[in-house]
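# Give me a 3D structure for the following:
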Amino acid sequence: MTTVHVPLGERSYDIQILPGALHRLGVHLAAALPRVRRALLITDETVAPHYLQPALHALAAAGITAAGASVPAGEGAKSLSEAARLYEACLDAGLERSGVVIALGGGVVGDLAGFIAATYLRGVAFVQVPTTLLAMVDASVGGKVAVDLPRGKNLVGAFHQPRLVLIDPQVLSTLPPRQVSAGLAEVVKHGVIRDAGFLTWLEDHAESVLALQAGVLEHLIATNCRIKASVVAADEREETGLRAMLNFGHTTGHAIEAVQGYGGWLHGEAVAAGMVVATRIAADTGVLADAALPQRLTAMLQRFTLPVRLPPGTDPAAVLAAMQYDKKAEAGKVQWVLPVRPGEVTRAPVPTAAVAAALAALAA
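Down below sits the predicted model:
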């Protein structure tokens, strides 16, 4: 087993990466939370047929009474109405302050289940069992939990760290190729913002990554978890600006998702296009110091079958308008994360004209 520690004082926890770990969920949970006797396991309609019963059986084998609750697949599940339904599921499961909410699914399930854990009875323990690559390398780590509002993504939420993140790479065998690609967008992001050497490794091992080769996959997941853990440990609640670097590509990405009504592109696909937009802005405004990065980024995203332009038929003006609800805005101005060179980004406001020009240039 590979373990990545997230050092956050009394909120510290481990990310455990182990093939077959899902079938030992109860053992791992009992070791991390020895007093827990009841759990609510939240999943979605896509994951449930594959992994809900094995997870419930694993919990029962460890003496933990667990109930399952399923939500619709997709970003639309991250709503206040679904949250209200899940609070009732917590009550039906007899969940007390000593209980735990477990997220079994991708980033949407993790965000939603974490929001429930953060707010039910003023906060109960939370465990992440990610089943998508995107959730394994990014969404399950860091404690950001939230639901969406019609006008913007993640506008209602909290910081609520998990007590354990248990990653079983074997579950990716049932993940559709499009979902694998979506997860690789966040992988590329981590290389651009924090680790130039990893970005090169990713270019060199693209074929093995796409084939989900076991050793390569575990190295990729562990490396990304270490990158994110280091950022989260240094700036847990985005108070110094360091953690904001993780939002590279997300300003445009979230706006694209909002314009599409959270029913079009996957999150990783929107972030991929968003990274290209941000890199274009960095080049146009003189922030970019490495002229080769735009082509490297575009080539890598295309190799992973990710978009490098706005969605076909999307009005750039609508995307620009959606950015006004970006939760990272300060004094009414969006703080952009812009690449300087591989492994380094900066954060700054960008003139509206420069954003509009980049969006227009990348309109499909």
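
# Do a quick rundown of the helices in the stretch 101-250 of the chain.
107-119, 133-134, 177-194, 196-204, 206-210, 214-234, 250-259 (DSSP state H, counting those that start in this stretch).

# the inter-axis angle of the fourth one versus helix 177-194?
I take that to be helix 196-204. For helix 196-204 against helix 177-194, the angle by axes from the mean of the first three to the mean of the last three CA atoms, to 10 degrees is 150 degrees.

# before we move on, what about the first one?
Helix 107-119 and helix 177-194 are oriented at 70 degrees to each other (the same axes, to 10 degrees).

# Can you tell me which helices and strands helix 107-119 packs against?
Here helix 107-119 touches strand 38-44, helix 80-92, strand 100-105, strand 125-130, strand 144-149, strand 152-159, going by 3 or more CB pairs under 8 Å, 6 or more residues apart in numbering; DSSP states H and E. From N, CA and C alone the C-beta is placed, and that goes for glycine too.

# Surely residue 36 is in contact with residue 125?
Yes - counting by CB atoms under 8 Å, residue 125 is a contact partner of residue 36 at 6.8 Å.

# Need the residues touching each of these two.
99-100 (CB atoms under 8 Å, 6 or more residues apart in numbering).

# Just name the most buried of the helices and strands packed on helix 107-119.
strand 100-105 (a mean of 30; mean count of other CB atoms under 10 Å).

# counting contacts, what elements does that one pack onto?
By 3+ CB pairs under 8 Å, 6+ apart, strand 100-105 packs against helix 25-32, strand 38-44, helix 48-61, helix 107-119, strand 125-130.

# Any idea how far that strand is from the middle of the chain?
15 Å (CA atoms, centre = their mean, to the nearest Å).

# Run through who's touching that strand.
25, 29, 33, 36, 38-44, 46-47, 51-52, 55, 66, 90, 95, 109-110, 112-114, 116-117, 120, 124-132, 135, 140, 163.

# Ok, which of the helices and strands packed on helix 107-119 comes nearest residue 259?
strand 152-159 (11.0 Å; CB to CB).

# That closest one - which strands sit beside it in the sheet, and in what orientation?
strand 144-149 (antiparallel) (DSSP bridges).

# now the strand it pairs with against helix 214-234, angle please.
Using the same axes, to 10 degrees: strand 144-149 against helix 214-234 is 90 degrees.

# taking the mean pLDDT, what do you get for strand 144-149?
Averaged across strand 144-149, the pLDDT comes to 95.

# Give me the angle between it and helix 250-259.
Using the same axes, to 10 degrees: strand 144-149 against helix 250-259 is 40 degrees.

# With only the CA atoms kept, save strand 144-149 in PDB.
Provided in PDB are the C-alpha atoms of strand 144-149 (Å, rounded to 0.1, in the frame of the first residue of the first chain):
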ATOM      1  CA  LYS A 144     -13.500  21.400  -0.300                       C
ATOM      2  CA  VAL A 145     -17.200  20.400  -0.300                       C
ATOM      3  CA  ALA A 146     -20.100  22.200  -1.900                       C
ATOM      4  CA  VAL A 147     -23.300  22.200  -3.900                       C
ATOM      5  CA  ASP A 148     -24.100  24.400  -6.900                       C
ATOM      6  CA  LEU A 149     -26.600  27.200  -7.500                       C
END
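
# That strand to strand 125-130, inter-axis angle?
Going by the same axes, to 10 degrees, strand 144-149 makes 80 degrees with strand 125-130.

# Return stretch 266-277 as PDB; C-alpha atoms alone will do.
The C-alpha atoms that make up stretch 266-277 are tabulated as PDB, following Å, rounded to 0.1, in the frame of the first residue of the first chain:
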ATOM      1  CA  LEU A 266     -17.600  16.800 -18.000                       C
ATOM      2  CA  HIS A 267     -15.700  18.900 -15.400                       C
ATOM      3  CA  GLY A 268     -12.300  17.800 -16.600                       C
ATOM      4  CA  GLU A 269     -13.200  18.500 -20.200                       C
ATOM      5  CA  ALA A 270     -14.300  22.100 -19.300                       C
ATOM      6  CA  VAL A 271     -11.000  22.500 -17.200                       C
ATOM      7  CA  ALA A 272      -8.900  21.400 -20.200                       C
ATOM      8  CA  ALA A 273     -10.400  24.100 -22.400                       C
ATOM      9  CA  GLY A 274     -10.000  26.500 -19.500                       C
ATOM     10  CA  MET A 275      -6.300  25.800 -19.200                       C
ATOM     11  CA  VAL A 276      -5.900  26.600 -22.900                       C
ATOM     12  CA  VAL A 277      -7.800  29.900 -22.400                       C
END
